[in-house]
Structures are given as structure tokens and as C-alpha cells.
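1. Following is a predicted model, sequence given first.
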Amino acid sequence: MNSTDTDFLQPPHDLEQRVIARLHAAGLLHGKITGKETSMRAIHMRWAVAATVLVAISVWAGTLVPQNNESAVPETAVDARPHFALMLYEDAGYQSPAAGEMDTRVAEYSAWARDLASRGYLVDGAKLTEQGVLLHRDRARSEKLPAAAEGVLAGYFMIRAASLEEAERLAAQCPHLAYGGTVSIRPIDS
């Protein structure tokens, strides 16, 4: 390393003397400082600057080097568990929320869904609106969806589970059942 490489680490030679003179002039520094004290302070200052530069270089270099010997591209874990659709139906036996209770009901379903999500089961879910279009096999179109007596598809959740049995255990905790609704558990063909 030549002298031009280290010049940026060294403060100007007279900087310390100028700072000391200004501190004396402002009345913030009292007493006389000897040359030995000045040189010791300069040595300490150089060590502090050198240590700071080394830490900064180490941090910067650490951002450039991968943390392991493998590729810097992170691997993404693939969840191979099968997906299941939980279809929520409401028929004549379903107990709709009373006036003013809808927020409480939604909060209950949301809490159940958040619990599934926190444990890695929930993929998606939504309440369906009461409007829509019904297409018949002859391509006839109707805006009249099935009535509650026939069983209305009211919402769904898509989950991951290791098996149909595990999906059934998860679905058994759905609040929809407590209100007289029905939950259909269907494996999604992949």
C-alpha cells in the first residue's frame, strides 16, 4: 500500500491544532495540552478511523458474498400437499345472522381462516355474492341462482392438507357447520 492509498485515512496535519485553538478561544477547553498528549490523541484517532473503515469494508464485503457455498439464488420450497376445495352451502336449515350480527359472523369465519393460514393450510377463501349467472347444458342463461331450499353455494376455502382425512378434520372446525350450513370437501385434481 503506498502513501496515496492511506492519505484518505489521515486528517490534515494541522486539524487537531486548529480545533484545540478554537475550543480554547470559545472557553470550552482549559489548561495547556502538551505535545505528548496531542500525539497520543492523534494515534488514538488514527486507530479509531482505521477500525471504522475496516468495519465498513467488512459489512460491505459481506453483502457481496453468498452466505453459503451454494448459489446465491434462494431455493423456494414447494409445498407438495394436495389442494382441497371446501364448498360452503346454505340450505333451508342454515341460520342466517340476525340484523346487526353480520360483522360478528364475518369476524368468526375470518378468525378461523387466519388460524388455518398461520398453520400453513389456507390457500384462498371468499364469500360469494348472491348474484351471478347460471348456465344450463343447452347454453341457456339465467340470472336466477338456486334457492336456499336447494342449497346455495355461499362461499369457499381452498386448503392444503396431507390427505382427505386431514382436510375433513380441518373442515370440521369451520364455523359454517355451527350455523346449520353444509361443507363439501372436494380434492382438486392436479
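-> Alright, I've got the coordinates.

2. Is Ala161 in contact with Ile185, as I believe?
-> No: counting by CB atoms under 8 Å, Ala161 sits too far from Ile185 to count as a contact (9.2 Å). C-betas here are computed from N, CA, C, even on glycine.

3. shaky segments in this structure?
-> 1-17, 19-76, 148-150 (pLDDT under 70).

4. where exactly do the helices run in the protein?
-> 3-6, 15-25, 35-64, 102-118, 164-171, 175-178 (DSSP state H).

5. Could you list the domains of the chain?
-> 3-64, 83-187 (automatic domain parsing).

6. Show me the beta-bridge partners of Leu88.
-> Using DSSP bridges, the bridge partners assigned to Leu88 are Gly155, Val183.

7. That one - how many residues pack around it?
-> 24 (other CB atoms under 10 Å).

8. Also the one 3 residues further on?
-> The burial count assigned to Asp91 is 16, neighbours taken as other CB under 10 Å.

9. From what I see, it and Gly151 are in contact.
-> Yes: Asp91 lies in contact with Gly151 (CB under 8 Å); the separation is 4.4 Å.

10. what is in contact with these two at once?
-> Common contact partners of Asp91 and Gly151 (CB atoms under 8 Å, 6 or more residues apart in numbering): Thr182.

11. one step back: mind listing the shared neighbours of Ala161 and Ile185?
-> 84, 167.

12. What is the burial count for the closest residue to Leu128 other than its chain neighbours?
-> Spatially, and ignoring its direct neighbours in sequence, Leu128 is nearest to Gly155 (5.4 Å; CB to CB, 6 or more residues apart in numbering). Neighbour count for Gly155, taken as other CB under 10 Å: 20.

13. Identify the residues contacting Gly155.
-> 88, 125-128, 176.

14. Repeat the analysis, applying 10 Å as the threshold.
-> Residues near Gly155 by CB atoms under 10 Å, 6 or more residues apart in numbering: 86-90, 109, 125-129, 174, 176, 181, 183.
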